[in-house]
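In: Fold the following.
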Amino acid sequence: MTPGPAFGYGCPYLRSGLGFFHRIKREIKDDMSELHKRILLVDDDGDLLRLLSLRLTAAGFEVDTAISGMTALSRVAGFRPHVVVTDLRMDGMDGMALFDALHDRYPTLPLIIMTAHGTIRDAVTATKRGVFGFLTKPVDKSELIKQVEEALRIGINDSEYQSFGLWREKIITQSALMEELLNQAQRVAQSKASVFISGDSGTGKELLAKAIHEASSRSAGPFVAVNCSAIPETLFESELFGHKKGAFTGAIRDHEGLFRAANGGTLFLDEIGDMPKSVQVKLLRALQEMKVRPVGGNKDEEVDVRIISATHTDLEKAMREGSFREDLYYRLNVVSFHIPSLSQRPGDIPLLVQSFLRDLAGVYGDRVRGFSAEAMECLVKFDWPGNVRQLRNVVEQCVALSNTPLIPLSFLQRALKDEPTQFMSLQDARDKFEREYLIRLLQMTCGNVTQAAKLAKRNRTEFYRLLGRHGMNASLFKTTV
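Out: Residues are numbered from 1 along each chain as shown. Here you go, the predicted structure:
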């Protein structure tokens, strides 16, 4: 088909040669950039969320929604919105609390507040604190889009997200406890204070130490981690401070030691409670003077190291017993953080499981998509004495051995090596058995307490006491056949 005159060689677009294609490419790119402007809507009213989402999607924005402030916090890391629009009054975390939490982590992320209870005072207070805009309900469509477009002009970009989030990217959580801890850790990271981390084994003490290092001005320097319980007492001083060639039998060359290896960065001393007392006084001196002397050396060498220490043991008890120096404890424990156990933040378990599945897909393939609903419920309810480390091991075992896309409950229970009753306390298990036993007795005897007591080999008074403890009324069983 012969092109018409509009597309012939005389066409003004084609006269500009490649300029035509560059212009079209630029226009397409501009259109695509609009489509990728991401808006996060937060409201505990599901109907309103759907309505506003439809309006913003129709206007060309990419939209995600959250039904609460806590859910929004977990959405931000993955969705990376350019603007957040949130209700002011919500159960749990309200709009201003959400603003505070987001502002600590993403200072340039614009947030627009919606409320049906708005007053001029609310608007003034919110904008003074840094909220970008304020909308009253029912929200006018044109005003919503206008404010979103204005916020996008100053909104956070993806590179800023990367710089804000990289320091804590390996810590997966939506727990309010953990989010508050991380907010504090980010602030402390900017100082030179020594940090002490406590928590059960497997909670992620080294991950937090690494995150503090990444959030600090020392992030370009080395992060050196050592487990004090893994170093023989005779080698402790050499490992920390280094040694000179010939300082002792086997010292065939100079060794710089952990302090000098971490110079300009961070030294993480895990399980500090296992450090021999003979070494503690030398560590204290190194921290006070920021100088170390290698074993066999004759002069001190200056170092610039931030110390982060951690333990799962009770150091205050160790001080009372005399196995840990009090002056060293206070030198290390300038700022302290306690990482909650996994059982204290069960809401993190589904997030962690999904993260582990993604990581394990690179090793075992992607044939396993996840856990069944019953298995996931079991994972959430399990006590996890080994915390996150134990959870990962169980997930990996299930993935390695499973031949189905969804891991069933029975398979998980075998991996846990536990019966379902062991997910509850001993007292709860006893109560459950006793309650079911009483129900069967009353059903068998049609609510006849005398017969039921005889079968249970208990007197009537004791049997009535048992029924009362479980809130049972024998008369309700009299029609049972």
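In: what about the stretch 301-450 of the chain, any weak spots by pLDDT?
Out: Along the stretch 301-450 of the chain, segments meeting pLDDT under 70 span 418-429.
In: how about the strands in it?
Out: Using DSSP state E, counting those that start in this stretch, the strands found in the stretch 301-450 of the chain span residues 301-302, 306-311, 335-338, 370-371, 406-407.
In: ok, and what's touching the fourth one?
Out: The set of residues that contact strand 370-371 without belonging to it, under CB atoms under 8 Å, 6 or more residues apart in numbering, is Val353, Gln354, Leu357, Met376, Leu379, Cys398, Pro405, Leu406, Ile407, Leu412. In short, each C-beta sits where N, CA and C put it, glycine included.
In: Then the longest one?
Out: Outside strand 306-311, the residues within contact range by CB under 8 Å, 6+ apart are 192, 194-199, 205-206, 209, 212-213, 216, 218, 265-274, 287, 332.
In: Please compute how far that strand lies from its chain's middle.
Out: When distances are taken as CA atoms, centre = their mean, to the nearest Å, strand 306-311 is centred 20 Å away from the chain's centroid.
In: Within its sheet, name the partner strands of it and how each one runs.
Out: Applying DSSP bridges, strand 306-311 is found paired with strand 195-198 (parallel), strand 266-270 (parallel).
In: by contact count, what packs against the next helix or strand after the last one?
Out: I take that to be strand 266-270. Counting by DSSP states H and E, the next helix or strand C-terminal to strand 266-270 is helix 277-289. Counting contacts by 3 or more CB pairs under 8 Å, 6 or more residues apart in numbering; DSSP states H and E, helix 277-289 is packed against helix 236-241, helix 326-332.
In: now helix 277-289, how far from the chain's geometric center?
Out: On CA atoms, centre = their mean, the centre of helix 277-289 falls 34 Å from that of its chain.
In: Report the buried residues of it.
Out: Val279, Gln280, Leu283, Leu284, Ala286, Leu287 (16 or more other CB atoms under 10 Å).
In: Quick one: end-to-end length of stretch 185-201, please.
Out: Taking CA to CA, to the nearest Å, stretch 185-201 runs 20 Å from one end to the other.
In: Would you point out which residue is most central in this protein?
Out: In the chain, the residue lying closest to the centroid (CA atoms, centre = their mean) is Thr173, at 1.9 Å.
In: got a list of what the residue nearest to that one when sequence neighbours are not counted touches?
Out: Among residues not flanking Thr173 along the chain, Asp348 sits closest, at 5.1 Å (CB to CB, 6 or more residues apart in numbering). With contacts defined as CB under 8 Å, 6+ apart, the neighbours of Asp348 are Ile172, Thr173, Gln174, Ser175, Met178, Leu342.
In: how does it look with 10 Å?
Out: Neighbouring residues of Asp348 by CB atoms under 10 Å, 6 or more residues apart in numbering: 74, 171-175, 177-178, 340, 342, 355, 380, 388, 391.
In: gap between it and Gln354?
Out: The gap separating Asp348 from Gln354 is 11 Å, by CB to CB, to the nearest Å.
In: Are there residues contacting both of the two? Which ones?
Out: In contact with both Asp348 and Gln354: Ile172, using CB under 10 Å, 6+ apart.
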